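Trainee: Based on what follows, work out the 3D shape:
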Amino acid sequence: MDKTIYILHRNKSMAKTLAWTLQLGTDLKAVCLQDPLELKTTAEPPDLILTEPEFFEKISAHTKGMSFPVLLISVNPEHDKVIEALYAGADDVVDPGNGPEELIEKTNQLIHHKTDTKNILIKKLIQQIKKPGKTGIDETDYGLTLKEKEILRFMKEAHHLKEIAQLTNCSYETVRTHVKHIYKKLGVMSASEAVIKAMKMDL
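Mentor: I've put the predicted structure just below:
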């Protein structure tokens, strides 16, 4: 049975190049879409979605109840939007500049559920953002509730939001709501900034 990959990218020529690469290098069917809303009307459910980090939240919102891996496309895997999407549940990231081999390898791994690199990648990114020489502990707790502190602690340990939902016996949506409150209380805009503050708080 053929596997279907949907490619969501604002740049049509990039999407076509990715589709062509996958169809040439694998036996997978690659379909280009322009808008996450189109996922609701596709004839076949996705076996994998290849997308820009900016589209990840919309994809999650429009595909509730569906289960498939998501591979992010980014020439800058350390960008905040990539880290945010990985925390929110995206499975991996590929840099198209690294050539077709990496794209084909990561696609095959995700299609066959043979990858577990997400936590390693998140931990690596956190270590790169962590600024050396700043070991002073900020003792304020920013008014975080016990549940918010627990979730922030799991984020610091590089768990993504779906895992945190399981670990805290909360729904994914509840965890996302807590994370929004955490960002507001900490005065941050991204998971990486929240984790840096969590390190200073010695959570």
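Trainee: Tally up the residues packed near residue 17, please.
Mentor: Residues contacting residue 17 under the criterion other CB atoms under 10 Å number 16. To be clear about C-beta, it is placed using only N, CA and C from the backbone, and glycine gets the same treatment.
Trainee: Relative to residue 23, how far out is it?
Mentor: Going from residue 17 to residue 23 by CB to CB, to the nearest Å gives 11 Å.
Trainee: again with residue 98
Mentor: Between residue 98 and residue 23 the distance is 19 Å, computed by CB to CB.
Trainee: ok, now how distant is the spatially most central residue of the chain from residue 80?
Mentor: In the chain, the C-alpha nearest the mean C-alpha coordinate belongs to residue 86, at 2.2 Å (CA atoms, centre = their mean). Per CB to CB, residue 86 is found 11 Å from residue 80.
Trainee: in this protein, which spans are strands?
Mentor: 4-8, 29-33, 48-51, 70-73, 92-94 (DSSP state E).
Trainee: quick one: buried residues of the first one?
Mentor: Buried residues in strand 4-8, defined by neighbour count with 16 or more other CB atoms under 10 Å: 4, 5, 6, 7, 8.
Trainee: what bridges to the first one?
Mentor: Read that as residue 4. Residue 4 has these beta-bridge partners by DSSP bridges: residue 29.
Trainee: That one reaches residue 46, doesn't it?
Mentor: Yes: using CB atoms under 8 Å as the test, residue 4 is close enough to residue 46 to be in contact (6.1 Å).
Trainee: which stretches of this structure aren't confidently modelled?
Mentor: For the chain, residues meeting the criterion pLDDT under 70 lie at 1, 65-66, 114-140, 203.
Trainee: What residue spans form the domains of it?
Mentor: Under the assignment automatic domain parsing, the domains of the chain span 4-126, 146-201.
Trainee: Good, we can wrap up now.
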